[in-house]
Each structure stands twice: as structure tokens, then as C-alpha cells.
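Enquirer: here you go, sequence then predicted model.
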Amino acid sequence: MSKKITPYKDSDLNKKKQVEQMFDTISTNYDGLNRVISFGIDVKWRKKVVKLVGSTNPNSVLDIATGTGDLAISLAGTGASQVIGLDLSEGMLAVGRKKIAEKGLSERIEMVQGDSEALPFEDNSFDAITVAFGVRNFEDLEKGLSEIHRILKPGGIFVVLETSVPTKFPFKQGYHFYTKNLLPVIGKLFSKDKVAYSYLSESAAAFPYGENFNNILRKTGFINVEDKPQTMGVATIYTASK
């Protein structure tokens, strides 16, 4: 199991509420800052996720922890007739709805506020489900994954894009220096919230990546589980089915 990391440790609120408030706070700067802190490589990673989903010719797609909708917008390119983006933060969704409207995709993409651990959908509802940089924010990881398994159709694909920690020299040392010392400073410059980006780096380091996460996916019922490290292990794409 992953170590529980919360953004604002002096708060009486649970992790879920803290994460919601944190993303509300940084929502207007989130897209630009993502490009800076990942050096734009996150765009390439998301394209790989879309390609994996598109190869299955899905009719219905759900993007959980959709944030400002970057991945949901790209998933519209798979030809799916239904694309839904779900997120806990209304602030992030508001930014996403504006982007979707500007691209003329409001009729094709629906943005829904909801809890990943209590998904408001019936069993076997979606051909494909994605989560990009969101599973580490689940308050109860196994509960969230079990909910995803419940609403995924038999034979459907589940794709996770998440940060991971490089294991080889010198990438491991460089990654730790960057996330511990530089990322919070960059975050504060852009969003005025150093705590938020300290949390993001801490939660990434604590997340059970690689085979550890594969085993959790299998434990919650997924099959055909695979992990594909990206960019020297800085991120990993996981695929699974039901």
C-alpha cells in the first residue's frame, strides 16, 4: 500500500477534501505549470495513452481525475461517441469546460464533478477508462481501483499514466534533486502555492510504482496488467483489462 501523503498536514480535513481544495487553488495556472515542470514531455506521454485507447476502438470513454481536460480533449480523437471527464475539483473542471467550448467540443465531451472512490455510473458502463497523474491522489487506492473495475466493461481497457521514480544513475539522483529542491520553488513562482507542489513531488515519491502497482491492479481484479516506463522511468504507463 502507498504511504498516505496529504497536502496541508496541519488541516483537520481528510486527504480527499485537501486535494480538492489544493487543485481548486492552482487550477488557473495548472496547464502552463505542467508544461514547465515536465519540459513539455507530458504531452508526448498523453499521446501514447490516446493511441493505446484508440487502438481498441472504444465507443464510451471515461477520463478520471481529468483536471482541466487535456486528456479528455485528446480522447475525443479516438472517435468515441461518448467522452466523460470526471474530477473532484470544480475549479479544474471550470477551466476544462472553457477549453472544451473554445475547441467546439462541448457536445462531445461532458465534464462531471465526482469522487473516484464512489463513481456515479452503473456497472460495465465504459469501453475504456483512463487516469493521468491522478491515482496517487486517491484517498483509498484499492477502493478507487475497485470502483474503476466495476464500471469498466468486460474486455475493456484501463490505462494509467503516473509519475514514477527512476532507478538508474544518474537519473535517480537528478530526479530526487529536481523534485525535492526545484519543483516546489517553480510551483510557488507560478501558483503562489509552494505547499501544493511539495505535495505533488512527495506523493509521487511515495506512490507504489512499477511491479508494486501492477500487483495492486491484479489484486483488485484486473488482468493483462503491463507497465511501460517512460523517459528513463520518470513516468510509467500502465495498461490492464477486465
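Expert: Structure received. Since we're looking at a predicted model, the values are computed, not measured.
Enquirer: point out where the protein drops to low pLDDT.
Expert: 1-15, 18-20, 22-39, 184, 186-201 (pLDDT under 70).
Enquirer: which residue ranges form the strands in it?
Expert: 60-64, 82-87, 109-113, 126-132, 152-163, 223-230, 235-241 (DSSP state E).
Enquirer: remind me what the second one packs against, helices and strands.
Expert: To tie it back to what came earlier, the one meant is strand 82-87. The contact analysis (3 or more Cβ pairs under 8 Å, 6 or more residues apart in numbering; DSSP states H and E) places strand 82-87 against strand 60-64, helix 70-75, helix 90-102, strand 109-113. Placement of C-beta: from N, CA and C, glycine included.
Enquirer: phi, psi of residue 114?
Expert: phi -170, psi 170 (degrees, to the nearest 10).
Enquirer: between the strands of the chain, which gets nearest to residue 53?
Expert: Taking Cβ to Cβ, strand 126-132 is the member of the strands of the chain nearest to residue 53, at 4.7 Å.
Enquirer: check the offset of that closest one from the chain's centre.
Expert: 11 Å (Cα atoms, centre = their mean, to the nearest Å).
Enquirer: list the helices and strands it packs on?
Expert: Against strand 126-132 (3+ Cβ pairs under 8 Å, 6+ apart) you get helix 41-54, strand 60-64, helix 70-75, helix 141-151, strand 152-163.
Enquirer: that older thread, so for residue 203, which of the strands of the chain sits nearest?
Expert: Per Cβ to Cβ, nearest to residue 203 of these: strand 152-163, 8.6 Å.
Enquirer: export the closest one as PDB, just CAs?
Expert: What follows is strand 152-163, C-alpha atoms only, in PDB (Å, rounded to 0.1, in the frame of the first residue of the first chain):
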ATOM      1  CA  LEU A 152     -15.300  -1.000 -16.900                       C
ATOM      2  CA  LYS A 153     -16.900  -3.300 -19.400                       C
ATOM      3  CA  PRO A 154     -15.600  -6.900 -19.700                       C
ATOM      4  CA  GLY A 155     -12.800  -6.800 -22.300                       C
ATOM      5  CA  GLY A 156     -12.400  -3.000 -21.800                       C
ATOM      6  CA  ILE A 157      -9.100  -1.300 -21.400                       C
ATOM      7  CA  PHE A 158      -7.800   0.700 -18.400                       C
ATOM      8  CA  VAL A 159      -4.800   2.900 -18.900                       C
ATOM      9  CA  VAL A 160      -3.000   4.800 -16.100                       C
ATOM     10  CA  LEU A 161      -0.300   7.400 -16.700                       C
ATOM     11  CA  GLU A 162       1.500   8.200 -13.500                       C
ATOM     12  CA  THR A 163       4.800   9.600 -12.200                       C
END
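Enquirer: tell me the strands beside that strand, with direction?
Expert: Using DSSP bridges, strand 152-163 pairs in its sheet with strand 126-132 (parallel), strand 235-241 (antiparallel).
Enquirer: tell me what angle the last one forms with helix 41-54.
Expert: Okay, so that is strand 235-241. 10 degrees (axes from the mean of the first three to the mean of the last three Cα atoms, to 10 degrees).
Enquirer: and the angle from strand 235-241 to helix 141-151?
Expert: 40 degrees.
Enquirer: pipe the helices and strands packed on strand 126-132 into JSON lines and attach distance to residue 110 and mean neighbour count per row.
Expert: What follows is these, written out as JSON lines (distance: least, Cβ to Cβ, whole Å; neighbours: other Cβ atoms under 10 Å):
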{"stretch": "helix 41-54", "distance to residue 110": "17", "mean neighbour count": "17"}
{"stretch": "strand 60-64", "distance to residue 110": "10", "mean neighbour count": "27"}
{"stretch": "helix 70-75", "distance to residue 110": "9", "mean neighbour count": "25"}
{"stretch": "helix 141-151", "distance to residue 110": "15", "mean neighbour count": "19"}
{"stretch": "strand 152-163", "distance to residue 110": "18", "mean neighbour count": "20"}
